[in-house]
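1. take a look and give me a structure for this.
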Amino acid sequence: MTKRVPDDVVMRVLITRATGPARITADHLSDAGHEAVLLPIVEYYNLPASEADAEILSRNFDGVAFTSVAAVHALLVRISDPKVLNRLREIPAFCVGGKTGEAAKQAGFGTCHIAEGNVASLAVLINSEFNAETANAGRIFYPAPRDKHESLADLLDRPIVDELTVYEARLVDPGRQTLIDALDDVASGAAFFYSRRTAAHFFDLMEKHELRDLPKNMRIVAISQNVADIVRQTAHVASNQVIAVPNRPDEEGMISCLSTFE
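-> Next up is the predicted model:
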């Protein structure tokens, strides 16, 4: 049976992010009058230092590129030498979005340039800083995830990218009953999908646990059109299922989509 949403809650929203970011999202949804239903199907794990660390971190960089809050946190754990970390803090940080920028500032990076929420816009931001009219082609330090959909280096025109893998996002199976309960909770609400990988994993879990279509009244908010395409391709989504994409690829934009649902 579908659980009733309390009168003071506008909508229940399924959040499939890792536990830490999901709790932050829950607070933001609560501020907007909604209630989060947490179903972490991915978790972040920091990776231990490798033999490549010392050589890469000894180089002179013109900027640090952060594509997630997790990358900022993983870098702080990874670098044990405060002199190395302080040297990085002195150069500009190029951050994929506002939340990542906030994390970088809290980590001590004094100059933070903020992109529009995806790797493509981050590349545009870095390219604009090191364009053809700039004498310095630029060298960017990129603390990266192990699995990534887009290569930052491939999107840059001039800067050299020195990549160091500092964390990985491991896919999680919460179990059939937990998945059923979460879908029941948001049967008249919505679900947020933040990446192609987690969206695909979510529907793989439905297939694995032999679950049928999503609740017909559940709306979907995908952070980008690419993610929406993955959602639309699955057999578990009805042709008339409502899928919204925000005007800007960030959490604030996703939450604003909820007000457009009747």
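
2. residues in contact with the lengthiest strand in the chain?
-> When the chain is parsed with DSSP state E, its longest strand is strand 160-171. If you take C-beta atoms under 8 Å, 6 or more residues apart in numbering as the criterion, strand 160-171 is touched by 18, 41-47, 50, 52-53, 56-57, 59, 61, 65, 70-71, 73-75, 78, 137-147, 152-153, 197-198, 201. In this view, the C-beta of every residue, glycine as well, is placed from N, C-alpha and C.

3. which neighbouring elements make contact with whichever helix or strand comes after it?
-> Counting by DSSP states H and E, the next helix or strand C-terminal to strand 160-171 is helix 176-185. Contacts defined by 3 or more C-beta pairs under 8 Å, 6 or more residues apart in numbering; DSSP states H and E place helix 176-185 against strand 12-15.

4. confidence score at Val9?
-> Looking at Val9, its pLDDT reads 61.

5. and for Lys3?
-> Value for Lys3, per-residue pLDDT: 42.

6. oh, and call the first residue 44 from now on, that's how I've got it
-> All right, first residue 44 from here; so that's Lys46.

7. for the chain, what spans make up the helices?
-> Counting by DSSP state H, the chain has helices at residues 62-74, 95-100, 112-121, 125-132, 141-149, 162-172, 195-198, 219-228, 239-251, 268-276, 294-300.

8. pipe those into JSON lines and attach distance to Met261 and mean pLDDT per row.
-> Below are those laid out as JSON lines (distance: least, C-beta to C-beta, whole Å; pLDDT from 0 to 100):
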{"stretch": "helix 62-74", "distance to Met261": "16", "mean pLDDT": "94"}
{"stretch": "helix 95-100", "distance to Met261": "45", "mean pLDDT": "94"}
{"stretch": "helix 112-121", "distance to Met261": "27", "mean pLDDT": "96"}
{"stretch": "helix 125-132", "distance to Met261": "43", "mean pLDDT": "96"}
{"stretch": "helix 141-149", "distance to Met261": "25", "mean pLDDT": "95"}
{"stretch": "helix 162-172", "distance to Met261": "28", "mean pLDDT": "94"}
{"stretch": "helix 195-198", "distance to Met261": "34", "mean pLDDT": "94"}
{"stretch": "helix 219-228", "distance to Met261": "7", "mean pLDDT": "97"}
{"stretch": "helix 239-251", "distance to Met261": "12", "mean pLDDT": "96"}
{"stretch": "helix 268-276", "distance to Met261": "12", "mean pLDDT": "95"}
{"stretch": "helix 294-300", "distance to Met261": "14", "mean pLDDT": "93"}
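
9. so of these, which one's packed in deepest?
-> helix 112-121 (a mean of 21; mean count of other C-beta atoms under 10 Å).

10. hmm, who's touching that one?
-> In contact with helix 112-121 (C-beta under 8 Å, 6+ apart) are residues 61, 64, 87, 89-90, 92, 96, 109, 128, 131, 142-143, 146-147, 150, 186-188, 207, 209-210, 212.
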